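1. Got a predicted structure here, sequence first:
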Amino acid sequence: MNGAVLLVVGVAWFIAAYFLYGGYLRRLFGIEPSRPTPAHALNDGIDYVPTRLPVLFGHHFASIAGAGPIVGPVLGAYLGWGPVALWVLLGCVFVGAMHDFAALFVSIRDQGRSIGHVIEAHVGYGGRQIFLLFTWAALVLVVAIFAILVAKTFVSSPAVATASALFVFLAPVFGYLVHRRGVSILRGSLVCVPLVFIFIPIGMKLPLDLTVMLGVSAAAAHSIWLLVLFVYVFVASTIPVWVLLQPRDYLNSYLLYAMILMGFAGILVARPHFAMPAFTGWSAELPAGGIASLFPILFVTVACGACSGFHALVASGTTAKQIDNESHTQPVGYGAMLVEGVVGLMALISVAVLARADYFSALGKNGPGAVATFAAGLAEFATRFGLPVRAGTTFGALAISAFMLTTLDTATRLGRFAWQELFLQKAGSEEGAAGSAVAFLRNRFVGTLVVVGLCAVLVFTGGGMAIWPVFGASNQLLAALTLLVVTLILVKRKANFWVSLLPMVFMAVLSTWALVQLFFKNLGSNAALVVATLFFFVLALILGAQAVISLARAHREGAGRAAD
């Protein structure tokens, strides 16, 4: 198989899907460009901020991408390139992009609140609270783990720390120019985007190496960076979104665009042939040891790039509060996921050219890992049009590392939203009925402090790494629960609910299967992971049962009205 052929076919498929299936979803859900969005109706200058399409697309894309669409396909290739390619091509169009589009739309129609709050109208208050607790716990885990990963990256690659710090200082400048001085996005971008790329060689020349600057060990430097990161995400989660989070994500997105262009051009010129077999069997050995099956492990390993429940939290968390016009739901909700699918294909191609022995060596316990392997593969392709290998590898690694920080601060803000919504009153309750204690807990500073504080406990006690394996399955179970809510809405609207029901059943079965496997695999060896697995499983089971009952009731009521 030729990598260029797979990439070109994939891009053509995604373009056709955007206009055909994306256009169908636009009509199915009933997009109304003239309808005011929550960003306008509830504009508070902090979380609800009308944002122009290019900036919001960059913010949303950077938030959902991160390292996910790279790591997943690279790790999933243990079964061969065929299953991963099919899951990315089909899953992205019919499951992931539809899931993101629907989550964004239903949130826009519910004042920009999360899917958890939307659930209340269809499943009830108890269902809302269970879903919010599920998502809040998952987000706390994400923040804890990504803090560890980013801190490790800053220690091992101090140049990344320098570039990331410079990005943080540049973002408020762009936000101020656009939102307060009325500078056009084009003019602001012409000034700030080149600086983003200039910061990369500056970082390489002036690395923030704490082991040298402070004379401390690598372990101490890691702890210092963790503390710095926790302070950073606290600030980023509480200040107005236009000041830091939104402009930083927008500017950082150009790094990812450049990486995509570099990879696309390199693959087209190199036309690499795959050394990896298309299919190795229904189960196969893992590079790090052990055996894993195609069902269900592939579908919880390859999440971003095909389908990820985390995207629903971003879409219904920060993005829905900033969307300027309902017509932007398709390019932001559906289109951004398709671009992520392209990244997933490029990641797959970067390892499919390796012989199986080389693949196992790269991803084994002593290998460089998924991100470094992808960056090296991309750099090798780029040498065909004159880019030095070292420059390409460094740029790829820096771009990916920058997006891990994007995931970190976005997840912190989403965790704060979930915490605040946990203490919202029942629908229909009188305003002002909540006591002062509830009002205190709903405060954005308190909510953020709870999230960051618990993450710090998980990080410094080692609990976060112990329970991290549960995230893959719980993330996909979150996608299934989101699709279940969408199905309820479509059934009540007497619309075509099969577009969400079939993907929901598929994701629910596979993610539950993976949770059960994880539970029994670690029973007696990892108590923390077993408890975490049971926690997510029980919450999902209760919520799923409530939703299925509501779905059956809605279907019966619809049939009854039709008979009358």
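-> It's in.

2. which secondary structure elements does the longest helix along the chain contact?
-> Secondary structure of the chain per DSSP state H: the longest helix is helix 527-563. Helices and strands touching helix 527-563, by 3 or more CB pairs under 8 Å, 6 or more residues apart in numbering; DSSP states H and E, are helix 125-156, helix 463-467, helix 470-492, helix 498-522. To be clear about C-beta, it is placed using only N, CA and C from the backbone, and glycine gets the same treatment.

3. For my notes, please list those helices in JSON lines and give distance to residue 550 and mean pLDDT for each entry.
-> Shown next, in JSON lines, are those (distance: least, CB to CB, whole Å; pLDDT from 0 to 100):
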{"stretch": "helix 125-156", "distance to residue 550": "8", "mean pLDDT": "92"}
{"stretch": "helix 463-467", "distance to residue 550": "31", "mean pLDDT": "90"}
{"stretch": "helix 470-492", "distance to residue 550": "6", "mean pLDDT": "93"}
{"stretch": "helix 498-522", "distance to residue 550": "14", "mean pLDDT": "96"}
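
4. what's the most buried one of the ones you listed?
-> helix 470-492 (a mean of 26; mean count of other CB atoms under 10 Å).

5. chain center to it: distance?
-> 15 Å (CA atoms, centre = their mean, to the nearest Å).

6. which secondary structure elements does it contact?
-> Counting by 3+ CB pairs under 8 Å, 6+ apart, helix 470-492 packs on helix 97-108, helix 115-120, helix 125-156, helix 299-301, helix 309-314, helix 498-522, helix 527-563.

7. quick one on the thing from earlier: could I get the helices and strands packed on helix 527-563 as CSV with distance to residue 112?
-> Shown next, in CSV, are these (distance: least, CB to CB, whole Å):
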stretch, distance to residue 112
helix 125-156, 15
helix 463-467, 30
helix 470-492, 16
helix 498-522, 21
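
8. Go ahead and confirm residue 147 touches residue 459.
-> Yes - the criterion here is CB atoms under 8 Å, and residue 147 meets it with residue 459 at 5.9 Å.

9. Identify each buried residue in the longest helix of the chain, please.
-> 528-530, 532-533, 535-537, 539-540, 543-544, 546-547, 550-551, 554 (16 or more other CB atoms under 10 Å).

10. ok, now stretch 360-376?
-> Neighbour-count burial for stretch 360-376 [16+ other CB under 10 Å]: 360, 362-363, 367, 370-376.

11. can you list contacts of stretch 78-90?
-> For stretch 78-90, the surrounding residues in contact (CB atoms under 8 Å, 6 or more residues apart in numbering) are 1, 6, 10, 13, 73, 76-77, 274, 276-281, 284-287, 292, 294, 298-299, 302, 305-306, 341, 344-345, 348, 352, 359.

12. let me redo that: stretch 491-499
-> With contact meaning CB under 8 Å, 6+ apart, stretch 491-499 is reached by 25, 28-29, 94, 98, 122, 487, 490, 551, 554-555, 558.

13. can you redo the residues you listed as CSV with distance to residue 151?
-> Output for those, formatted as CSV (distance: CB to CB, whole Å):
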residue, distance to residue 151
25, 40
28, 44
29, 41
94, 37
98, 36
122, 40
487, 40
490, 43
551, 44
554, 47
555, 49
558, 52
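
14. Wait, residue 554 touches residue 489, no?
-> No - using CB under 8 Å, residue 554 is not in contact with residue 489, being 9.3 Å away.

15. Buried ones among the contacts of stretch 78-90?
-> Buried among these by 16+ other CB under 10 Å: 1, 6, 10, 13, 73, 76-77, 274, 276, 280, 284, 286-287, 292, 294, 298-299, 302, 305-306, 341, 344-345, 348, 352, 359.

16. Please narrow these to those residing in strands.
-> 284, 292 (DSSP state E).

17. And what about residue 43, helix, strand or coil?
-> Look at residue 43: counting by DSSP: H, G, I helix; E, B strand; the rest coil, its state is coil.

18. what's around it, how many residues?
-> Residues near residue 43, counting by other CB atoms under 10 Å, number 14.

19. quick one: the helices in the stretch 201-350 of the chain?
-> Under the criterion DSSP state H, counting those that start in this stretch, helices of the stretch 201-350 of the chain are mapped to 210-213, 218-238, 245-270, 299-301, 309-314, 329, 336-352.

20. Residue 42 is nearest to which of those helices?
-> helix 245-270 (16.4 Å; CB to CB).

21. May I see the buried residues of that closest one?
-> For helix 245-270, by 16+ other CB under 10 Å, it's 245-256, 258-260, 262-264, 266-267, 270.

22. most centrally placed residue in the protein?
-> residue 64 (3.2 Å; CA atoms, centre = their mean).

23. Excluding chain neighbours, give the residue nearest to residue 363 in space.
-> residue 287 (3.8 Å; CB to CB, 6 or more residues apart in numbering).

24. Please determine how far the one you found is located from residue 76.
-> 11 Å (CB to CB, to the nearest Å).

25. And the closest residue to residue 128 other than its chain neighbours, how far from residue 441?
-> Counting by CB to CB, 6+ apart, residue 120 is the residue found nearest to residue 128 once chain neighbours are left out, at 3.9 Å. Computed as CB to CB, the residue 120 to residue 441 distance reads 18 Å.

26. Who has more neighbours out of these two?
-> Of the pair residue 120 and residue 441, residue 120 is the one with more neighbours under other CB under 10 Å, namely 22 against 16.

27. Was I right to think that one contacts residue 127?
-> Yes - counting by CB under 8 Å, residue 127 is a contact partner of residue 120 at 6.9 Å.

28. on that earlier part again, quickly list what's touching both of residue 554 and residue 489.
-> residue 122.

29. Next, the angle from the helix or strand harbouring residue 197 to helix 245-270.
-> Per DSSP states H and E, residue 197 falls inside helix 185-205. On the basis of axes from the mean of the first three to the mean of the last three CA atoms, to 10 degrees, helix 185-205 is oriented at 70 degrees to helix 245-270.
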